[in-house]
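**Q** next comes the sequence, and after it the predicted model I'd like to discuss.
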Protein chains: 2
Amino acid sequence: MKLLAITGGVGGAKLALGLSRVLGPDEVLFAVNTGDDFSHLGLHISPDIDSLTYALAEENNTELGWGRQGETWQFMDTLQALGGETWFRLGDKDLALHTRRTQLLREGAGLTAATHEITTALGITHRIAPMSDDPVRTIVHCDQGALAFQHYFVREACQPAVQGFEFSGIEQARLNPLIADWLADCDGVVICPSNPYVSVDPLLGLPGFREALTKVPVVAVSPIVGGIAIKGPAAKMMAELQVPATAGAVAGHYGDLLDGFVMDNSDKNEAKQIKIPTIVTQTIMVTLADRVALANDTIRFLQQLRAAQG
Amino acid sequence: MKLLAITGGVGGAKLALGLSRVLGPDEVLFAVNTGDDFSHLGLHISPDIDSLTYALAEENNTELGWGRQGETWQFMDTLQALGGETWFRLGDKDLALHTRRTQLLREGAGLTAATHEITTALGITHRIAPMSDDPVRTIVHCDQGALAFQHYFVREACQPAVQGFEFSGIEQARLNPLIADWLADCDGVVICPSNPYVSVDPLLGLPGFREALTKVPVVAVSPIVGGIAIKGPAAKMMAELQVPATAGAVAGHYGDLLDGFVMDNSDKNEAKQIKIPTIVTQTIMVTLADRVALANDTIRFLQQLRAAQG
C-alpha cells in the first residue's frame, strides 16, 4: 500500500500520526497545505507543516492543543514588554524552528528541502512535502474586507464572518514534484480531517493536482462530527457560507473527487444520504490508539475500494 | 555639569551605570560604539548598545558577565538540535530585544529611534545614542585574514593574533546629530574604560568627531589595570600590536585628545610617566558603590581640569 495523505493543521496531523505508525516512509507521503504560511517578525512561518512536524516528532503540546511541548514564553513576554507584536504567540522552542527554516530559505533552499532538513533533525523518517515551494497565500474575504489568513485565524480569532477564500499565487504555483511523482505511482489518497476550505482547497487548486487525483481512489475523513468541527473554524465557516455544517456537506464540497467517505459513528444517520461508498467509525481521536485505529480503518476502506474498482 | 560619555561594551557600561546614578538624563548622554553591530539570523544585533541598555535597566546578567538577567536558552538549545548556527549565544529574552529592534528598523526607524523606543520601554530615562545611524563595521585584520568583528570576538573567541583594524563604512557615516548637538554645548567628555581599539576608535574615526572633542576637556579611564584588561581582549591585542599592555600605553594611544587620565591604584607607579594630568583611584568596579565612586571621581577630575583651564 502506497498512500498520499493530504493534510492541514492540528486535526489532520492526528490522523497523519496514525498513518505514520501503520505505514513506513516508503508507504505514505504527507502533502501539506502552505496557504497559511506567512512572514512575521522577519520569519517564514509554516503553521501546517509545523503542526505535522511536531505531531510526527511526538513533540505536540497537548496542553495547548497547538505548538511544541515543553514550550516556554520568555521571548514573547519580553517582546510584549518591549512593545512588539505579540498576537501570534511564538514559543521559545517554536521560534528556533522558524529561525532555522528562515535561515535555510535565505541560503537558497526551497521549502521542501528546508522542511526535510528540519524534520530529519527531529528524527522524523517520513517525508513531509509542502504542497509547493512557490508562495500561495490564503486570503479570507469577510465582513472586514480581505484578511491575510493568519490575521483572520489568529489575530481576529476567526471572529469575522467569512464570505469566501482566495489563494493568491496559486495559478503560478507548481505542485511539489515529490507529490506529483508519488501520486503517479500510488494506490490511493486520504484527505485527512482538515478544514476543506482553507486546509485542503489550496492543494486542490494547484494546477494539475485535481486532475491527477482522478486516477487513484480518494477518500476523505470528515472534519465535521455531530455538526461541529473537532478543531478550528470549519463549522463556523460553513454556517457563514450558508452550507449546513454536516459531514454530508463536506462530502458534497469535495464532490466527484471522492471515491469514498469516512464519517463518525455519531453521524451514522446521515450516512445513507451520501451517494458514494461511506464507512462509519470513530473519527474522534483522543489517544494514539484512536489515531492508529482510524488510520487502519481508512487504509482498509481504500483497499476495499481498489478491490471493488478492480 | 553636562557630560558626554563614550562607551563600548560591558566594561564601559559599568562606569556608565555609575554616571547615570550621579547625573540626570539632562546631564549625561551616552555615545555608544556600533562597530560591533552585525546581522545574524536575520536580526540586527547591537552588542554594545545592548550591554549599556541592560546595565542602565539593571538587567545585567551578573552570572554570565554579559547578556540579560534571568535569561533562558530554550531557543538556542532547540536551534542547536535543528542544526542551526549557535556560535553567537542568543538568550530567549535577549532575542526579543533584537527582534523588536529589527522590526523597528524594518519599519523605517533609524537605530537612534529604535534604541530610544526600546530603552524607554525598559524604563531607562537616560539617552543612549548610537554613534551613527549609518552602518560602520569593524573588521579585524589578523593571522587568519580579515574577520568580521563578531567572528573574531565570539566565534573565534579572540584567539587569532590581531594585526590591525578597519572600520568599514566610516568615511560615509554621519556622527549621530544627538551627539554632535550635545557636544556643542557640554562641559566635558569621559571615555569609559572600554577597549581603545575596537570600542572607542570607531567613534573617534567618525568624520568630525575627533575635531569636535578638542573643544572640551576629555578624560579617559584606563581599561588596563596591572597589565591586564578587566574585561575583554584589550591587553591581548596590545601585546599582538607590539604595544606594552599598560595604562600608560592607553593614554599614549589617545594622545593629545586627552586632557586627563584616570588609572587604577595598582598602577600608581606608572602615573608619573604620564605627561598629562592623571588621577589614581580605584577603577575596578565590583559593586554599584564602586561604579558610583569612580563616576564621582571622574566628574570631580573633569571639574578640576575645567577650573584649571579657566
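**A** Yep, that arrived. Residues are numbered from 1 along each chain as shown, chains lettered A, B, ... in the order given.

**Q** okay, CA-based contacts and neighbour counts for the rest of this
**A** Noted.

**Q** around chain B, pick out the residues from chain A.
**A** A:41-42, A:72, A:74-76, A:78-79, A:81-84, A:92-97, A:99-100, A:103, A:118, A:121-122 (CA under 8 Å from any CA of the partner chain).

**Q** okay, and which of those map to helices?
**A** Mapping the residues of chain A next to chain B onto helices (DSSP state H) picks out A:74-76, A:78-79, A:81, A:92-97, A:99-100, A:103, A:118, A:121.

**Q** list buried residues within these.
**A** Burial by neighbour count, judged by 16 or more other CA atoms under 10 Å in any protein chain shown, picks out A:74-76, A:78-79, A:92-97, A:99-100, A:103, A:118 from these.

**Q** report the contact partners of the residue lying closest to A:L104 once chain neighbours are set aside.
**A** Among residues not flanking A:L104 along the chain, A:A114 sits closest, at 5.8 Å (CA to CA, 6 or more residues apart in numbering or on different chains). With contact set as CA atoms under 8 Å, 6 or more residues apart in numbering or on different chains, A:A114 has these partners: A:101, A:104-105.

**Q** tally of neighbours for the residue nearest to A:F165 when sequence neighbours are not counted?
**A** Among residues not flanking A:F165 along the chain, A:V140 sits closest, at 4.9 Å (CA to CA, 6+ apart). By the measure other CA atoms under 10 Å in any protein chain shown, the count of residues near A:V140 is 25.

**Q** assumed A:V140 was part of a strand.
**A** Yes. Assessed by DSSP: H, G, I helix; E, B strand; the rest coil, A:V140 belongs to a strand.

**Q** now tell me which helix or strand of chain A has the poorest mean pLDDT.
**A** Evaluated with mean pLDDT, DSSP states H and E, the helix-and-strand set of chain A has its lowest mean pLDDT in strand A:228-229, which scores a mean of 85.

**Q** show me what that one is packed against.
**A** On a contact count with 3 or more CA pairs under 8 Å, 6 or more residues apart in numbering or on different chains; DSSP states H and E, strand A:228-229 meets helix A:234-240.

**Q** strands of chain A, start to end?
**A** For chain A, the strands defined by DSSP state E cover A:3-7, A:28-32, A:38-40, A:43-45, A:127-130, A:137-142, A:145-148, A:162-168, A:188-191, A:218-221, A:224-225, A:228-229, A:260-264, A:278-281.

**Q** residues in contact with the residue of the stretch 201-310 of chain A found nearest chain B?
**A** Nearest residue of the stretch 201-310 of chain A to chain B, counting by CA to the nearest CA: A:L288, 25.2 Å away. Residues in contact with A:L288 (CA under 8 Å, 6+ apart) are A:G18.

**Q** longest single helix anywhere in chain A?
**A** Chain A, longest helix under DSSP H: helix A:288-309.

**Q** just how off-centre is that helix within its chain?
**A** Centroid displacement of helix A:288-309 relative to its chain, using CA atoms, centre = their mean, to the nearest Å, is 19 Å.

**Q** tell me the angle it makes with strand A:3-7.
**A** Helix A:288-309 and strand A:3-7 are oriented at 130 degrees to each other (axes from the mean of the first three to the mean of the last three CA atoms, to 10 degrees).

**Q** buried residues of helix A:288-309, list them for me.
**A** So, applying 16+ other CA under 10 Å, buried residues of helix A:288-309: A:290-299, A:301-303, A:305-306.

**Q** one step back: can you name the two of the buried ones among the ones in helices among the residues of chain A next to chain B that are farthest apart?
**A** Distance extremes for those: the farthest pair is A:T78 and A:I118 at 26.5 Å, using CA to CA.

**Q** nearest to A:E156 among the buried residues of helix A:288-309?
**A** Sorting these by distance to A:E156 puts A:R291 at the head of the list, at 30.7 Å, by CA to CA.

**Q** and for the closest residue to that closest one other than its chain neighbours, the neighbour number?
**A** Counting by CA to CA, 6+ apart, the nearest residue to A:R291 once its immediate chain neighbours are dropped is A:G18, at 4.4 Å. Neighbours of A:G18 under the rule other CA under 10 Å: 23.

**Q** I figured A:G18 hits A:D297, correct?
**A** No. Assessed by CA atoms under 8 Å, A:G18 is found out of contact with A:D297, at 10.6 Å.

**Q** shared neighbours of those two, which are they?
**A** In contact with both A:G18 and A:D297: no residue, using CA under 8 Å, 6+ apart.

**Q** per-residue confidence for the residue nearest to A:L104?
**A** pLDDT, A:A114: 98.
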